[in-house]
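> Next one to model:
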Amino acid sequence: MIIRQLKKKIINAANGAPLNLFFINLIFQKIFRLDNQCKFSKCYTSRVICPERLTIVGQSENSSVLKSLAVSGGCYIQASEGISIGEGTIWSFNVAIVSQGHDLNDLTKVPKINPIVIGKNCWIGANSTILPGVVLGNRTIVGANTVVSKSFPDGNVVIGGVPAKVIRNLE
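Sure thing, here's the model as predicted:
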């Protein structure tokens, strides 16, 4: 009985990630203290800067956002100015979400920028970059290798390219 309860707790804590990856992430995050201040389980090859400013909207125990955070390797999430990610959103490997930039005339200055807001049920493709102040509406699909430098707040679109542009509308 106790073993079943423990097994259930471990599976719930893994948020849908394979158990071997969950334990590797746990070792790097809790024992080696790599990004240990992040309250979410994250892939050991990813970095989360200012995790206290990372918000997952509508978070549930088996959230796809938490699973993406745990299994998508090589990601860089810098949440200094705040990042909000809607329920059902997933992303691939090597995604960069950067919420803070620099003043172009004085690189030592960091201007105040609006937080990044990513809506519900979005998909962010491999090697994509989302830059400061961007708002992506619900059901926005970001193609692989895309640089998102402006907002697409209406959602229901597929965007791609450098810089991102609407490729097609979703029904």
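
> Spell out, range by range, the strands that occur in the chain.
47-49, 54-56, 76-78, 83-85, 90-91, 96-98, 116-118, 123-124, 129-130, 135-136, 140-142, 147-148, 157-160, 165-169 (DSSP state E).

> Next, the buried residues of the second one.
When you say that, I think you mean strand 54-56. Buried residues in strand 54-56, defined by neighbour count with 16 or more other Cβ atoms under 10 Å: 54, 56. No exception for glycine: its C-beta is placed from N, CA and C like everyone else's.

> Pull the residues that contact it.
38, 40, 48, 63, 65-66, 77, 79, 82-85, 87 (Cβ atoms under 8 Å, 6 or more residues apart in numbering).

> Residue 120: which of those is nearest?
residue 87 (5.3 Å; Cβ to Cβ).

> Contact partners for the nearest residue to that closest one once chain neighbours are set aside?
With Cβ to Cβ, 6 or more residues apart in numbering as the criterion, residue 87 has its nearest non-adjacent residue at 3.5 Å, and that residue is residue 58. Counting by Cβ under 8 Å, 6+ apart, residue 58 touches 86-87, 120.

> okay if I get those as a markdown table plus distance to residue 103?
Below are the contacts of residue 58 laid out as a markdown table (distance: Cβ to Cβ, whole Å):
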| residue | distance to residue 103 |
| --- | --- |
| 86 | 30 |
| 87 | 35 |
| 120 | 33 |
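
> which among those residues gets closest to residue 130?
residue 86 (13.4 Å).

> That closest one contacts residue 116, correct?
No - assessed by Cβ atoms under 8 Å, residue 86 is found out of contact with residue 116, at 11.6 Å.

> So which of those two has more stuff around it?
residue 116 (28 against 22; other Cβ atoms under 10 Å).

> The more buried one reaches residue 124, doesn't it?
No - using Cβ under 8 Å, residue 116 makes no contact with residue 124, being 11.4 Å away.

> overlap in contacts of those two?
In contact with both residue 116 and residue 124: residue 130, using Cβ under 8 Å, 6+ apart.

> Let's see if you can find the most crowded of the contacts of strand 54-56.
Busiest of the contacts of strand 54-56 [other Cβ under 10 Å] is residue 85, holding 30 neighbours.

> quick one, what contacts it?
54-57, 65, 118.

> Could you report the separation of it from residue 94?
17 Å (Cβ to Cβ, to the nearest Å).

> gap between stretch 97-104 and the chain center?
Relative to its chain's centre, stretch 97-104 lies at 17 Å (Cα atoms, centre = their mean, to the nearest Å).
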